[in-house]
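Asker: Predicted structure and sequence below. I'll ask about it afterward.
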There are 2 protein chains.
Amino acid sequence: MPRRDAQSEPGSPAAGVHRSPCPVACALDLFGDRWTLLVIRDLFLGRRRFKEFAASPEGIPTNLLSDRLERLVNSGIARQVPAEPGSKRMAYELTDKGRSLRPVLKAMRDWGLTWIEGSDARLERR
Amino acid sequence: MPRRDAQSEPGSPAAGVHRSPCPVACALDLFGDRWTLLVIRDLFLGRRRFKEFAASPEGIPTNLLSDRLERLVNSGIARQVPAEPGSKRMAYELTDKGRSLRPVLKAMRDWGLTWIEGSDARLERR
């Protein structure tokens, strides 16, 4: 069970233990933190391997990256796949549920570009 | 200065101290946590007073609510106004910068309604 105290990291609540039925609150239970949506962004940008996520410019600490990847798999937003056919090395990719987050990322990107001085999307691969 | 360590709450960085130029990362610096977007949701729903935010179904602890409201004002997403003309009691309202977050909330709402069992927007006022 995830910790439910106010300062806890976002949990991956079992069905029915959401803070409220509000879909925004339910979504924030899954990715309401500083890092998870950046990993999802990286997956949209075509990054697939742990080391690729770790190399992103925000410098996510590897312990947090491990935790976030596990949460993303547990919540069905991403899944593990072999890095290459037949390889034992693993990579990650978005599921349909994860790919459906594109409008969330796009809306945040558009807002950031409009309102936050110094933000710049040209460094991204798409 | 906000703490910049990995486990810290989202800060309100001074211009130029973002984790990266990525607009998504910049946005998450402002509202990448479990609560801030819920306060913004409440402002969109017409809630204006501290006690109204505190009464929302997620039960935000009042110390976190105070912190989030202060951050929202400091980052220019919300502003304080008199609760009634001439009153000393204060209320909050979204600025243009805050109202521009509507597509972010809408995208999260749509995603939650589609993908999270038990989520329900009918309890909201709009």
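Answerer: Okay, I see it.

Asker: quick one: contacts for residue A:86?
Answerer: If you count contacts by CB atoms under 8 Å, 6 or more residues apart in numbering or on different chains, residue A:86 has none. Bear in mind the C-beta positions are built from the backbone N, C-alpha and C, glycine included.

Asker: Return the per-residue confidence for it.
Answerer: Per-residue pLDDT puts residue A:86 at 90.

Asker: does it count as helix, strand or coil?
Answerer: coil (DSSP: H, G, I helix; E, B strand; the rest coil).

Asker: where's it relative to residue A:54, distance?
Answerer: The spacing between residue A:86 and residue A:54, counted by CB to CB, to the nearest Å, is 24 Å.

Asker: got it, and residue A:28?
Answerer: Taken as CB to CB, the span from residue A:28 to residue A:54 is 25 Å.

Asker: Check residue A:81 too.
Answerer: In terms of CB to CB, residue A:81 sits 18 Å off from residue A:54.

Asker: now do residue A:66
Answerer: For residue A:66, the distance to residue A:54 - CB to CB - is 10 Å.

Asker: Likewise for residue A:118?
Answerer: 24 Å.

Asker: Residue A:118 should be in a helix, yeah?
Answerer: No: counting by three-state DSSP, residue A:118 is located in no helix; its state is coil.

Asker: so which strand or helix has residue A:111?
Answerer: Taking DSSP states H and E as the criterion, the element that holds residue A:111 is helix A:102-115.

Asker: How far does that helix sit from its chain's centre?
Answerer: 15 Å (CA atoms, centre = their mean, to the nearest Å).

Asker: same check, this time on stretch A:95-106
Answerer: The answer for stretch A:95-106 is 10 Å, by CA atoms, centre = their mean.

Asker: what does stretch A:59-71 give?
Answerer: 10 Å.

Asker: model confidence over that stretch, on average?
Answerer: 98.

Asker: does chain B sit close to that stretch?
Answerer: Yes: residues of stretch A:59-71 are located near chain B by CB under 8 Å from any CB of the partner chain, namely A:59, A:60, A:61, A:64.

Asker: what does stretch A:46-57 give?
Answerer: Yes: contact between stretch A:46-57 and chain B, assessed by CB under 8 Å from any CB, occurs at A:56, A:57.

Asker: Just the buried residues of that stretch, please?
Answerer: Buried residues in stretch A:46-57, counting neighbours by 16 or more other CB atoms under 10 Å in any protein chain shown, are found at A:47, A:48, A:50, A:53, A:56.

Asker: and which of the residues you listed is nearest chain B?
Answerer: Proximity of the buried residues of stretch A:46-57 to chain B (CB to the nearest CB) peaks at residue A:56, which lies at 7.7 Å.

Asker: Next one, pLDDT for the closest one please.
Answerer: So residue A:56 comes in at 96 (pLDDT).

Asker: Now that we have the residues of stretch A:59-71 next to chain B, which of them are buried?
Answerer: By 16+ other CB under 10 Å, those give A:60, A:64 as buried.

Asker: Just put the residues of stretch A:59-71 next to chain B in a markdown table and tack on secondary structure.
Answerer: Listed next are the residues of stretch A:59-71 next to chain B as a markdown table, based on three-state DSSP:
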| residue | secondary structure |
| --- | --- |
| A:59 | coil |
| A:60 | coil |
| A:61 | coil |
| A:64 | helix |
